[in-house]
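**Q** Compute the structure for the input listed below.
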Amino acid sequence: MYPLNWPLSMFVASLGVPLVIKIEVEYDADANVYVATSPSVRGLVVEASTLDQIRCEVEAVLPDLLEVNHQLTNTKQHPQHTRLQFNTHLIAA
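**A** Here you go, the predicted model:
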């Protein structure tokens, strides 16, 4: 596994090495939603009411964002080479 934001990550991925993409999830108590962002994927901001929904939403938009950010053409064809790492930050009220 190789982090997406490390140097040469796209080259390493082209060799078949799986990429790890860190997804940070926080709960917004005021809006009653979970918000997912990523320091590795520019433009990733997703909201959902449950953790299962947030995972589905991230998985739905991630291939398009990776293609735009890194000009990838095979992201949608090879999703098995990407592993998502969800870090959840829950703040007790």
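
**Q** Pretty sure P39 sits in a strand.
**A** No: with DSSP: H, G, I helix; E, B strand; the rest coil as the criterion, P39 is assigned coil and is not in a strand.

**Q** contacting residues around it?
**A** When the contact criterion is Cβ atoms under 8 Å, 6 or more residues apart in numbering, the partners of P39 are N5, K22, E24. Heads up, the C-betas are built off the backbone N, CA and C, glycines and all.

**Q** my read: the second one touches S38, true?
**A** The reference is to K22. Yes: using Cβ atoms under 8 Å, K22 is in contact with S38, at 6.1 Å.

**Q** higher neighbour count, these two?
**A** The neighbour comparison of K22 against S38 (other Cβ atoms under 10 Å) goes to S38, with 24 against 16.

**Q** What residues does the more buried one make contact with?
**A** I21, K22, I23, E24, L44.

**Q** Could you point out which of those residues is nearest to V58?
**A** Nearest to V58 among these: I23, at 5.8 Å, using Cβ to Cβ.

**Q** For the protein, which segments are assigned as helices?
**A** Counting by DSSP state H, the segments of the chain that form helices are 9-14, 51-70.

**Q** For V33, which of those helices is the nearest?
**A** helix 51-70 (8.6 Å).

**Q** If you count contacts, what does that closest one end up packed against?
**A** strand 19-28, strand 33-37, strand 45-48, strand 82-89 (3 or more Cβ pairs under 8 Å, 6 or more residues apart in numbering; DSSP states H and E).

**Q** Mean pLDDT lowest where, among these?
**A** The minimum mean pLDDT among those belongs to strand 82-89 (a mean of 61).

**Q** got JSON lines for the helices of the chain, with mean neighbour count too?
**A** Output for these, formatted as JSON lines (neighbours: other Cβ atoms under 10 Å):
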{"stretch": "helix 9-14", "mean neighbour count": "15"}
{"stretch": "helix 51-70", "mean neighbour count": "16"}
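
**Q** can you redo those as TSV with distance to A31?
**A** As requested, the helices of the chain are arranged in TSV below (distance: least, Cβ to Cβ, whole Å):
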stretch	distance to A31
helix 9-14	33
helix 51-70	13
